[in-house]
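Q: missing the sequence, but the structure's below:
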Ligand code: K1U
Ligand code: ZN
């Protein structure tokens, strides 16, 4: 099921999400719905708070062409970050049509629980590293615009408020 994506500003996007205690059918369904929502948007990642669920679940697939590589990560944690930094022009499905260069560690090692309840670890590089950091930030109530200066952030927030007013009027 495709779930509606929350648009900034929304208090649910600012919350610290709760760890998942157990992999249940509900968690598996949430991950499946999030992947469907992400592919439909389209996007390369999605975090549970973006669909209004304040649980530590993210999904990603950064393969743009070729065989898809869907991933669902429960309780993801960054356990190592490279000294090397990289700049990527990030977007966010909760901040439509806004893109900005963001600097982050070029590589990260992440530990998470998969949908079978098994612990996994993997080192991410390139767009996968940028995306996993962007998604884990969502679980901590942080958006990519929080890395920008206050004036730019305020300008974007006002644009999004206007977009939300227009969308509300259109229904
Ligand atoms: O979390 C999100 O809001 C999803 C976001 C993930 C992301 C994008 C870029 C850098 C870091 C994290 C998106 O997927 S925005 C849409 C996007 O990047 C895209 C859409 C279609 C094709 C390719 C990329
Ligand atoms: Zn985002």
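A: Thanks, I have the structure now. Note that the structure is a prediction, hence the values are computed from the model and not measured. Numbering: from 1, shown residues only. Ligands and ions are numbered 1, 2, ... in the order given.

Q: can you list the neighbours in contact with stretch 7-26?
A: By CB atoms under 8 Å, 6 or more residues apart in numbering, the residues outside stretch 7-26 that reach it are 6, 27, 47-50, 52, 54-57, 74-75, 92, 94-96, 113, 115-117, 138-141, 143, 145, 157, 160-161, 163-164, 167. All C-beta spots, glycine's among them, are computed from the backbone N, C-alpha and C.

Q: and with 7 Å instead?
A: The list of residues contacting stretch 7-26 from outside it, by CB atoms under 7 Å, 6 or more residues apart in numbering, reads 6, 27, 48-49, 52, 54-57, 74-75, 94-95, 113, 115, 117, 139-141, 143, 157, 160-161, 163-164.

Q: so which of the residues you listed reach ligand 1?
A: Of the residues in these, proximity to ligand 1 by CB under 6 Å from any ligand atom holds for residue 94.

Q: generate a ChimeraX selection restricted to the buried entries among the contacts of stretch 7-26.
A: In ChimeraX, a selection of the buried entries from those looks like this (16 or more other CB atoms under 10 Å):
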select :6,27,48,49,55,56,57,74,75,94,95,113,139,141,143,160,163
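
Q: mind listing which of the contacts of stretch 7-26 are in strands?
A: 57, 74, 75, 95, 113 (DSSP state E).

Q: could I get those in a markdown table, plus columns for pLDDT?
A: Rendered in a markdown table, the data for these read as follows (pLDDT from 0 to 100):
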| residue | pLDDT |
| --- | --- |
| 57 | 99 |
| 74 | 99 |
| 75 | 99 |
| 95 | 98 |
| 113 | 99 |
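
Q: ok, those vs ligand 1, which is closest?
A: In terms of CB to the nearest ligand atom, no member of the ones in strands among the contacts of stretch 7-26 lies closer to ligand 1 than residue 95, at 7.5 Å.

Q: separation between the closest one and residue 118?
A: Counting by CB to CB, to the nearest Å, the separation of residue 95 from residue 118 is 33 Å.

Q: can you tell me the SS state at residue 132?
A: On the three-state scheme (DSSP: H, G, I helix; E, B strand; the rest coil), residue 132 is labelled helix.

Q: and it, what does it touch?
A: Counting by CB under 7 Å, 6+ apart, residue 132 touches 60, 76, 108, 110, 124.

Q: 8 Å instead?
A: Residue 132 neighbours (CB under 8 Å, 6+ apart): 45, 58, 60, 73, 76, 78, 108, 110, 124.

Q: again, but for residue 116
A: Counted by CB under 8 Å, 6+ apart, residue 116 has contacts residue 23.
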